[in-house]
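# Got a predicted structure here, sequence first:
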Protein chains: 2
Amino acid sequence: MKYKEAKEELIQAWGNLGYSWGLNKTMAQIHALLMISTKPLTTEEIMEELNISRGNANMNIRALLEWHIIYRISVAGDRKEYFKSEKDIWALARQVAKERRKRELEPILKVLKEVNEVAPDGTEETKEFKKVVKELKNFADKSDTLLDSFVKSEENWFWNTVLKLFK
Amino acid sequence: MKYKEAKEELIQAWGNLGYSWGLNKTMAQIHALLMISTKPLTTEEIMEELNISRGNANMNIRALLEWHIIYRISVAGDRKEYFKSEKDIWALARQVAKERRKRELEPILKVLKEVNEVAPDGTEETKEFKKVVKELKNFADKSDTLLDSFVKSEENWFWNTVLKLFK
DNA sequence: ATAAACTTTCAATAAGTATTGAAAGTTCCG
DNA sequence: CGGAACTTTCAATACTTATTGAAAGTTTAT
């Protein structure tokens, strides 16, 4: 397989994976491109490589910066901005977990807390409702703890302990 | 808070969460509705409760059946089909993990294996590329093992060991 | 102050997804 | 068989999200 094909294919696949991780396709593709690049790239180069417009490139670069998974760097004597990605896949996973915890888990925890306030009126419905909410809350709390620990954990330790456990 | 409001809100929130788990909004809402229902519901009732069309209800019910997170049941002397959900949230999580493993992790593993076949031509690019692919593969393999163990694990054991570990 | 080099914005538009509802299909029962 | 009760399909449509590109904004050097 030729390098160029392989690169294309990886970028494509990473785009899909990223999408299911909550990034959008282009965002993930830019990230993939920067991952495999040997040097920081400019917006121009990214546009070129991925065949996307300036606006699109700019927006998604900004989103990646906000997620803290790529960095803006400047080169002395050059006015252009260069970007490079976090190459440590572990750091990336932790970052994604962190974002998703904030975006997804926190809202549902809030709602679960709220709806648990429903007044029990003696009907079967509210009884069942309370029961389900309680279970969901229990699960969500545990997931939250786990995710939080993951976000704060250190790679080697994590895999060593967890994989040992699960084998 | 009134039961009706609380129900609405939970269904709404569950819809959003489900969406970020890879279901679609309606799918997750139907699931939520069945979760809190004290009895199995018909397509008709689901349409009614969620204000959705017959086609929409039918398609999403089918999808949920395919994911094996709701069941079709029949009531003696009644021709209608009734649906009830898996109420065990743990079983649900395992099921979702299983589906996502198949849909997301497997494809990327395949691609990583493929692109690793790229011929090293001595350039910096291919060297870096191979390095990144190797790291990604390592990460993906570990995630796969972990996810697989999760899918096959038993609730109490899982939370006991894992949470103990992370506290 | 001017202009070149570069970045950001955003209204228009394209692309992708979800939803509807009526028609076609199926099953069951007399 | 005939038709009532129910389920499935799918083309049309509505809704959501991503993308474009030109114009506006900013920064830097002279």
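Structure received.

# Report the distance from stretch A:122-129 to the chain centre.
For stretch A:122-129, the separation from the chain centroid amounts to 38 Å (computed by CA atoms, centre = their mean, to the nearest Å).

# what about that stretch, near chain B?
Yes - using CB under 8 Å from any CB of the partner chain, stretch A:122-129 reaches chain B at A:123-126, A:128-129. (Each C-beta comes from the backbone N, C-alpha and C, glycine too.)

# For ChimeraX, what selects the buried ones among these?
Filtering the residues of stretch A:122-129 next to chain B down to the buried ones (16 or more other CB atoms under 10 Å in any protein chain shown) takes a single ChimeraX command:
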select /A:125,126,128,129
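
# What residues does chain A have near DNA strand C?
A:42-44, A:54-55, A:58-59, A:61-62, A:78-81 (CB under 7 Å from any atom of the strand).

# Looking at those, spot the one nearest residue B:143.
residue A:61 (26.6 Å; CB to CB).

# can you tell me which residues contact that closest one?
By CB atoms under 8 Å, 6 or more residues apart in numbering or on different chains, the contact list for residue A:61 reads A:30, A:43, A:46, A:70, A:83.

# Skipping adjacent residues, who's closest to the last one in space?
To tie it back to what came earlier, the one meant is residue A:83. residue A:70 (5.3 Å; CB to CB, 6 or more residues apart in numbering or on different chains).

# distance of that neighbour from residue A:104?
22 Å (CB to CB, to the nearest Å).

# Same question for residue A:43.
Separation of residue A:43 from residue A:104 (CB to CB): 30 Å.

# And residue A:36, by the same measure?
Applying CB to CB to residue A:36 and residue A:104 gives a distance of 29 Å.

# what does the host helix or strand of residue A:33 contact?
When secondary structure is defined by DSSP states H and E, residue A:33 falls within helix A:25-36. Around helix A:25-36, the neighbours that count as contacts under CB under 8 Å, 6+ apart are A:7, A:10-12, A:14-19, A:21, A:23, A:40-41, A:46, A:49-50, A:52, A:56-57, A:60-61, A:63-64, A:69-70, A:83-85, A:87, B:125, B:128-129, B:132.

# What of stretch A:10-22?
A:24-29, A:31-33, A:35-36, A:50, A:96, A:99-100, A:103, B:20, B:22, B:100, B:103-104, B:107-108, B:111-112, B:115, B:129, B:133.

# So which of these reach DNA strand D?
A:24-26.

# Quick one: those residues as JSON lines, columns for neighbour count and pLDDT too.
Formatted as JSON lines, those follow (neighbours: other CB atoms under 10 Å in any protein chain shown; pLDDT from 0 to 100):
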{"residue": "A:24", "neighbour count": "13", "pLDDT": "90"}
{"residue": "A:25", "neighbour count": "14", "pLDDT": "94"}
{"residue": "A:26", "neighbour count": "21", "pLDDT": "97"}
